[in-house]
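K.L.:
Prediction below, plus the sequence it came from.
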Amino acid sequence: MRYLVFTNTPAHVHLYRNAVERLEARGHSVLVLARDYGCTVELLEWYDLPHEVYGYCDTSKGSLFRQLPRHYARMLRLAREYDPDLVFGMGAYAAHTGLATRTPTILILDSEPTSVDHLISRPFADAVVTPDAFRKDLGADHYTFPGFKECAYLHPDEYTPQTDIRERLGLDAEERYAILRFNAFGSHHDVGKGGFTREQRAELIERLDREVTVFVSDEGGEMDLSALPAREFDVHPALMHDAIREAALLVADTQTIVTEAALLGTPVVRSNSFVGDEDMGNFLELERADLVRNLADFADVLQTAERLVADPEARSRWRQRRESYLESKANLTEIIVDVATSGSAAGSPALARQSTDDSLLEPSASSR
């Protein structure tokens with residue numbers, strides 16, 4: 001079989017990397033079509049995954065739309081040359097490529113607010129797979145699994161931490177630290193959304209520095225750390241999860257890294273304009289499991305963050321909750337590989353067999 005996999009962001013690389021390696025080990029051919037965005041290509045090279053870059057996009061909101069014609073032209077040409085039997089992806093690029101090449105396509109989605117993306121991609125996919133916390137019903141051939149997309153690489157069966165991360169970060173053996181992750185809000189699903197202001201970012205750094213060493217990961221590159229008591233988080237992006245796992249606290253106005261911290265058992269505070277009653281299902285579920293603090297008010301963020309870094313037992317409590325929580329969650333890499341190799345390239349029939357035989361996938365309400 002020949003599989004085409006789209007990785008438009010670094011998170012997509014992590015989502016599919018273990019499945020790509022497993023499919024290749026079984027003798028299948030896999031090609032990853034990648035967007036040069038953030039550290040996406042750097043991660044593909046680190047994991048030595050077979051890939052072609054179809055285009056570039058920076059973190060500004062207009063960059064993607066300016067590049068779209070070139071992106072589509074190149075990715076469709078590469079897809080036709082490769083001639084896949086099945087396409088995997090997370091949105092319109094994969095769905096439209098499957099349509100243009102008449103190839104069955106399976107989308108793995110987890111972002112509920114992106115209604116436009118669903119509108120332009122869902123009709124052209126043969127099946128859609130989402131976490132069971134996903135609060136939208138995407139119609140026929142929508143299947144759910146117990147867990148999150150991050151379970152493809154942070155499930156206990158998939159993740160083994162590096163033991164030298166403190167040395168790589170230049171830290172003493174017992175030195176406690178926090179990671180602050182700031183979003184550029186440049187993606188299409190971030191339009192109209194925001195997170196911490198520059199002043200709030202600076203105050204967070206100064207307040208947390210009283211208890212721990214502070215590392216800053218700034219997606220937009222806007223922060224000048226020279227006058228602040230913080231260090232740039234400059235470890236290789238493939239080691240980000242190991243650094244998160246060892247941290248005393250993560251504070252972020254981004255999305256994916258928050259779920260990652262929760263699934264690694266690290267205390268985490270999330271704050272952005274998505275937070276509220278209409279928040280995404282995965283963050284509401286993680287909050288119910290006491291693995292994430294979702295806070296809209298910055299004063300609450302400061303108070304909670306300071307309390308957590310001052311509590312030396314907080315990480316131990318989070319780790320115990322994480323172990324208990326993941327006992328009931330599926331290994332998404334296993335699901336991807338099982339669906340890909342089930343003997344059918346027709347998308348939803350393959351998923352239907354998996355949901356019946358292995359109880360890993362369940363049809364959504366309208367698919368039953």
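P.N.:
Nice, thanks for sending it over.
K.L.:
Show the end-to-end separation of stretch 269-285, please.
P.N.:
End-to-end span of stretch 269-285 (C-alpha to C-alpha, to the nearest Å): 14 Å.
K.L.:
List the buried residues for it?
P.N.:
The neighbour-count check on stretch 269-285 (16 or more other C-beta atoms under 10 Å) flags 269-272, 274-275, 279-285 as buried. For glycine as for every other residue, the C-beta is placed from the backbone atoms N, C-alpha and C.
K.L.:
where's the nearest residue to Tyr177 once chain neighbours are set aside relative to Ala247, distance?
P.N.:
In this structure, Tyr177 finds its nearest non-sequential neighbour in Thr213, 4.1 Å apart by C-beta to C-beta, 6 or more residues apart in numbering. From Thr213 over to Ala247 the distance is 10 Å, taken as C-beta to C-beta, to the nearest Å.
K.L.:
do the same with Ser29
P.N.:
Note on Ser29: its distance to Ala247, by C-beta to C-beta, is 39 Å.
K.L.:
more crowded one of those two?
P.N.:
Set Ser29 next to Ala247 and count neighbours by other C-beta atoms under 10 Å: Ala247 wins out with 25 against 14.
K.L.:
On the strand side of things, show who the nearest residue to the more buried one once chain neighbours are set aside bridges to.
P.N.:
Leaving out its chain neighbours, the residue that sits closest to Ala247 by C-beta to C-beta, 6+ apart is Ile179, at 5.0 Å. Per DSSP bridges, the residues bridged to Ile179 are Phe215, Leu250.
K.L.:
that older thread, any common contacting residues for Thr213 and Ala247?
P.N.:
Shared contacts of Thr213 and Ala247, defined by C-beta atoms under 8 Å, 6 or more residues apart in numbering, comprise 177-178.
K.L.:
Break this protein down into its domains, please.
P.N.:
Listed domain ranges for the chain are 2-155+330-367, 165-326 (source: automatic domain parsing).
K.L.:
between the ones you listed, which gets the lowest average pLDDT?
P.N.:
Ranked by mean pLDDT, those end with domain 2-155+330-367 at the bottom, a mean of 88.
K.L.:
where do the strands sit along the stretch 51-200 of the chain?
P.N.:
51-56, 86-89, 105-108, 127-131, 142-145, 177-182 (DSSP state E, counting those that start in this stretch).
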